[in-house]
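*Asks:* make a model of this:
(chains A and B)
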Amino acid sequence: MEKIVGKPITRVDVVDKVRGAAVYGADVKLPEMLHGAVLRSPHAHARIVSVDVSGAEALPGVRAVVIGENLPGVLTGEAIRDMPFIARGRVRFVGEPVAAVAAEDEATALQALDKIKVVYEPLPSVVNAVKAMTADAPLIHPEMMTYARIGILNPVSDSNIVTVNEYRQGNIEQGFQESDYVFENEFQTQMVQHGAIEPHCAVAQMDAARKLTVWTPNDSPHRLRKDLLDSLGAACSHIRVISTFVGGGFGGKGGVKAEAIAIALALKTCPRPVKVVYNRAEVFLASLVKHATVIKIKTGVKRDGVLVARQVEIVWDTGAYAEKGPVVCSQATAAAAGPYRIPHIHLKGSCVYTNRMVAGAYRGYGTPQLAWAHESQMDIISRKLGLDPLEIRLKNVLREGDVNPIGNPVHSVGVADCLLQAARDVGWKERKELSRVTPEGRYRGFGMGCSTKNTKTPSGSGAVIYFHQDGRIMIATASVEVGQGARTVLAQIVAEALEVPVESISYSAPDTDFTPFDASTTSSRTTFHMGNALKMAAEDVKEQFVQLAAEIFNCTPQEIEAAGGRVGPAGRPGEALTYVEALRRQFAAGACVIGRGFYYPPEARGKAFHGSPSLFWMYGAHAAEVEVDTETGRVEVTRLAAAIDVGRAINPTNCLQQIESGVVHAVGTTLLEDMVVDENGRLLNPNLHDYKMPTAMDAPEILPSFVEAYHREGPYGAKGMGEVVTNSAMAAIGNAVEDAVGVRLTELPLTAEKVCAALKEKKRQNDAKKRI
Amino acid sequence: MAARFRKKTIDFRLNGVSYTREVKTRQTLLEVLRDELGLMGTKVGCESGDCGSCTVLLNGKPVNSCLVLAVQADGCEVITVEGLEKNGKLDSLQQTFIEEGAVQCGFCTPGMLMSAKGLLDENPAPTEADVRRGIAGNLCRCTGYVRIVKAIQKAAETERGHR
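*Replies:* Numbers count the residues shown, from 1 in each chain, chains lettered A, B, ... in the order given. Presented below is the predicted three-dimensional model:
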């Protein structure tokens, strides 16, 4: 029975945070620091005819001006290197950087932007992903086939399609023939943003020795460093990345963002550092968004509700640059059939350029959009067949040892229990006993959904533990605290493995000079991968203390017992020494024990990048109660039950916090949030009054719980969970709306206008039927 | 400097300490706190008064410091998150935020604490609806607000118990 793992201890970083003492990216201040500002394109697609920066350079207080031509050949992008730090020759979205200025203060930098003269020649643009796939669509990246790219991409030359990924199992046509019913539906999801309250920023400095250091709230310092080395080449061979605390990530704080601008300027202002802080409009325009999608889903079922065949076709709108879009497409499309047993599948995803904001990783990595489609359709299916939505799902969901739709056997599968718990908590069985209409005259409805998400496999995490002579233990890893509680959970794992108090553990800043390689703090992978790496490092520390004790007690290591943070001869506990005592005994002049661990999934050694079946799958279920006002169309989510399979709850409070987070986040995506881009590619609501995120008054009653389907390779059985917490909530709400007022909405968000329009249309159809 | 601005000398009390400073008339209170007084606890989130991460108390009332000109603080009392603790002892709100798990990424936390402080100073026995309304101007993406609301209610109880 574990002592610290499984306990809801207080997070280790909260004291600093409530005192306002935690350092985030924009809090970094360095001597002689300059301020950067960015001039951005007003056009969605245009040729840059000329850029005249002489007026800006002449302004007193301006120390550097950079344009795209100053960085020849510099292209970045994790999947395909298609994006310049600053636009060169052509702009591809409204908000793309065209020039940058570093000045003594922010006001001067902003004034300098006004003095830069840019002449554009507008080009035809395309802002709809489906249209962008047609033969006569303007080409956004005519040079696409010349860009360096990773192996899993399948670009279509002379098109805007940056990759197509397909998965097949069984025989899809045979599957549909064997079905009693075939359902075909189309769903759409909108462009939304992560909404982290902290804006993007970075401080970069090239010192006199030509070493570049970057301080940034970035979720993956080693990956950022690699991306920068790949793009900067000889311009910069020595790069150090330090990640600060991150004020919310949700996938949006990865890759090269404000860092590109800060670095471009720092190369010129050497040795003075440059700070670039995006304002909220810049965050909206020029950081990342969630892929908008058009999803066609065709499902064949038997009349008893058993799924036979599923065909899903997704168009992923990846915006003007690919960023992580191709990997989202490849990884998410593999999950498109949902957490079900289905023998015949054909899944196809196309990742398409448009002249819109750049889309990339966003909590769920494509699976929220898919869950909107497959869980909405499950409800359509259950209605037609006259089956309870819970029963049809329980009949079809994956169980331990089943083969998933893409042909992989699955282990650690808690989705059935998630459904049962969410149903129990929302009062699913009793729902018919409640009156359809509330005392205020609103219509009540219930809906549910379930979902799954994979994790990027393979990936590696390295960790070092320093056991200092005063008993202080320093965990040195590049895992980033983005608010998910990584520091706390990892400290608990080390405390458990070493049998030491959590209070004796400190945590270093992620720093590519000192903290070993970690793939990223993404993909809900940190507890599993870094947790395992730290367990290995802790075992290494323990083993060294056993060796030390063998020296002290003049016996063999096999005769030494390590227990409760002490080491001594087995069977003689009275003689055992604490770790600190053992160090002092042997090393009177001072010492440190260094433990190391590196975790990489064993079966994936020697296999290709992104080449292995997912190491684990996460599962979740949501059940919602809504009230719909048929006069205004307004949907209110009154209660939302959420049950997530976490493998093992290292810190139960942490898990519940994530689940609560996901519920409110999902309410935003389903009812409130929409980045409105007009036909000219201009974002109409780049601010927080017109882009509506949920406030404390928009939150429903949240009924969170978790399920523990132990994973045999996870640390103490844990998997990951952060990205599956919104997925099935969207369809749960949409299904509840149909239950309440009999209208099926297929496009997010479910605004009052859409509900009203649907109700009017339904009434019109009913009236027409009556007249016949 | 290329940019020229009018300046004004203002007197104000900040976290219990008196200051006399020359500020530019165009500077916001938020800019002065972070850029000149080294108080980084108050955050910049939107600069349009929508997210609340810049909330401070101005003469006891929660305000978005991104929308307050520094010169408006002349003759006033300003309290930031750094001013909540007294002699190293955390305020009861800070305590309950820790205990109730109301902090995840922590970026909205200073603003939340200041809005909550302003609310409880005015209404020591708020209902849950009062609390939600009191922090409606503070956006949080991490927590779902549940534990923040609990923490504020618990702090209110603690404070009432002390009287």
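*Asks:* for chain A, what's the nearest residue on chain B?
*Replies:* residue B:41 (2.1 Å; Cβ to the nearest Cβ). C-beta: built from backbone N, CA, C; applies to glycine.
*Asks:* shaky segments in chain B?
*Replies:* Scanning chain B with the threshold set as pLDDT under 70 gives B:1-3, B:163.
*Asks:* how about the secondary structure of the spatially closest residue to residue A:253 that is not a sequence neighbour?
*Replies:* Spatially, and ignoring its direct neighbours in sequence, residue A:253 is nearest to residue A:219 (4.9 Å; Cβ to Cβ, 6 or more residues apart in numbering or on different chains). Of the three states, residue A:219 takes coil under DSSP: H, G, I helix; E, B strand; the rest coil.
*Asks:* domain-wise, how is the chain divided?
*Replies:* Picked chain A for this. A:18-123+A:200-277, A:292-456+A:611-765, A:459-600 (automatic domain parsing).
*Asks:* my question was about chain B
*Replies:* B:7-83, B:92-162.
*Asks:* what's the most buried one of the ones you listed?
*Replies:* Highest mean neighbour count of these: domain B:92-162, a mean of 22 (counted as mean count of other Cβ atoms under 10 Å in any protein chain shown).
*Asks:* for that domain, the distance to its chain's centre please.
*Replies:* 12 Å (Cα atoms, centre = their mean, to the nearest Å).
*Asks:* please apply the same query to stretch A:565-583.
*Replies:* 45 Å.
*Asks:* buried set for that stretch?
*Replies:* A:565, A:566, A:567, A:568, A:569, A:576, A:577, A:578, A:579, A:580, A:582, A:583 (16 or more other Cβ atoms under 10 Å in any protein chain shown).
*Asks:* where are the low-confidence patches of the stretch 151-300 of chain A?
*Replies:* Residues of the stretch 151-300 of chain A that meet the cut-off, pLDDT under 70, do not exist.
*Asks:* and the helices in it?
*Replies:* A:172-178, A:221-232, A:258-269, A:280-286 (DSSP state H, counting those that start in this stretch).
*Asks:* now render the domains of chain A as JSON lines, adding distance to residue A:182.
*Replies:* Formatted as JSON lines, these follow (distance: least, Cβ to Cβ, whole Å):
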{"stretch": "domain A:18-123+A:200-277", "distance to residue A:182": "35"}
{"stretch": "domain A:292-456+A:611-765", "distance to residue A:182": "5"}
{"stretch": "domain A:459-600", "distance to residue A:182": "34"}
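*Asks:* quick one: which of those is nearest residue B:31?
*Replies:* Nearest to residue B:31, of all the domains of chain A, is domain A:18-123+A:200-277, at 8.6 Å by Cβ to Cβ.
*Asks:* now the end-to-end length of that closest one.
*Replies:* 23 Å (Cα to Cα, to the nearest Å).
*Asks:* before we move on, what about stretch A:256-276?
*Replies:* Counting by Cα to Cα, the terminal residues of stretch A:256-276 are separated by 13 Å.
*Asks:* give me the helices and strands touching the helix or strand hosting residue B:8, please.
*Replies:* Element membership of residue B:8, judged by DSSP states H and E, is strand B:7-14. Contacts defined by 3 or more Cβ pairs under 8 Å, 6 or more residues apart in numbering or on different chains; DSSP states H and E place strand B:7-14 against strand B:17-24, strand B:77-79.
*Asks:* contact partners of the longest one?
*Replies:* Applying Cβ atoms under 8 Å, 6 or more residues apart in numbering or on different chains, the contact partners of strand B:17-24 are B:5-13, B:32, B:36-37, B:70-71.
*Asks:* briefly note if the helix or strand following it comes near chain A.
*Replies:* Per DSSP H and E, strand B:17-24 leads on to helix B:29-31 as the next helix or strand towards the C-terminus. No - counting by Cβ under 8 Å from any Cβ of the partner chain, no contacts exist between helix B:29-31 and chain A, the nearest distance being 8.6 Å.
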